[in-house]
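Peer 1: Need coordinates for the following:
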Amino acid sequence: MHTVDEIGPAAAIARTIGRRIRSGRTDLGWTLDQLAQRSGVSRRMLINVEQGTTNPSIATLLRISDALGIGLPSLVDTAEDTAAPITLHRAGEAHPVWRSPAGGSAVLVAGTRPPDVSELWDWRLGPGDVHPSEAHRAGTRELLLVLSGAIILVVGDTRHRLKVGDSASFDGALPHSYGNPSQTRPSRFALSVHELSPAKETP
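Peer 2: Residues are numbered from 1 along each chain as shown. As a prediction, this is how the structure comes out:
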């Protein structure tokens, strides 16, 4: 986690995320304590996120968006009119939701609104980067395509090494991680996440 002062270009998106979370919470008539209880995110972290003074992890944003029932794209999308027939994001417009000291980044380049939420990510892993991901909501599927370098994909207890052009489809409801096995070269992959509406979850 970084403060927005440490990553100046992310300050605007941090404030936008905070404003949207506060709006979603107040629309539901929830207090900070109620959101904390439902999301599993501490009250102190929620205060910092709503005030835009911190850059929360992807896992934290997922917990909050799931609790509010609004989907992650609703929190981080910077498009002015997301209700239009087409939403365009020009190259370089979207800010990374995650960054690493080794140069890695994760950019949510496109997404849909609830009830069924789909996300399209552009992931870059610096040399030696590993990004663990918590289990998502039941019924979530992820699709991954390696664009450059190599990726170590771990799903549950299974480890797979993927090279350029390799792809995978897996159960996002299992703990998983993406890693770059190279200590000298970056890697890149496209990731699509599909999360069903809670009403469609398998009992």
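Peer 1: hey, let's count contacts and neighbours off CA atoms from now on
Peer 2: Fine.
Peer 1: Which residues are in contact with the residue nearest in space to the middle of the chain?
Peer 2: Geometric centre of the chain, nearest residue: Ile58, 4.3 Å, by Cα atoms, centre = their mean. Residues near Ile58 by Cα atoms under 8 Å, 6 or more residues apart in numbering: Val97, Trp98.
Peer 1: can you rerun that using 10 Å?
Peer 2: By Cα atoms under 10 Å, 6 or more residues apart in numbering, the residues touching Ile58 are Met1, Ile64, Leu72, Val97, Trp98, Ala106, Ser133, Glu134.
Peer 1: Show the buried residues in the residues you listed.
Peer 2: The neighbour count (16 or more other Cα atoms under 10 Å) marks Ile64, Leu72, Val97, Trp98, Ala106, Ser133, Glu134 as buried among the contacts of Ile58.
Peer 1: now, which of these sits nearest Glu142?
Peer 2: Of all the buried ones among the contacts of Ile58, Ser133 has the smallest distance to Glu142: 11.7 Å, by Cα to Cα.
Peer 1: wait, the closest one sits on Trp98?
Peer 2: No - the pair Ser133 / Trp98 is not scored as a contact, 11.9 Å apart, by Cα atoms under 10 Å.
Peer 1: buried sites along stretch 175-188?
Peer 2: His176, Ser177, Tyr178, Gly179, Asn180, Pro181, Ser182, Pro186, Ser187, Arg188.
Peer 1: hmm, I was thinking of stretch 142-159
Peer 2: Using 16+ other Cα under 10 Å as the test for burial, stretch 142-159 gives 142-155.
Peer 1: Okay, domains of this structure per the record?
Peer 2: Domain assignment for the chain by automatic domain parsing gives 2-70, 98-200.
Peer 1: Lowest average confidence across the ones you listed, which one?
Peer 2: The minimum mean pLDDT among these belongs to domain 2-70 (a mean of 85).
Peer 1: chain center to that one, what's the gap?
Peer 2: How far domain 2-70 lies from its chain's middle: 13 Å, per Cα atoms, centre = their mean, to the nearest Å.
Peer 1: And stretch 68-81, by the same measure?
Peer 2: Here the centre of stretch 68-81 is set off from its chain's centre by 11 Å, with Cα atoms, centre = their mean.
Peer 1: Make 3 the first number, not 1, from now on.
Peer 2: Yes, from this point I'll number from 3; that puts the last item at stretch 70-83.
Peer 1: At which residues are the helices of the protein located?
Peer 2: 13-29, 34-41, 45-52, 60-70, 74-78 (DSSP state H).
Peer 1: do you know which of the domains of the chain lies nearest Gly94?
Peer 2: Closest approach to Gly94 among those (Cα to Cα): domain 100-202, 9.6 Å.
Peer 1: And the buried ones among the contacts of Ile60, which is closest to Arg126?
Peer 2: Proximity of those to Arg126 (Cα to Cα) peaks at Ala108, which lies at 6.4 Å.
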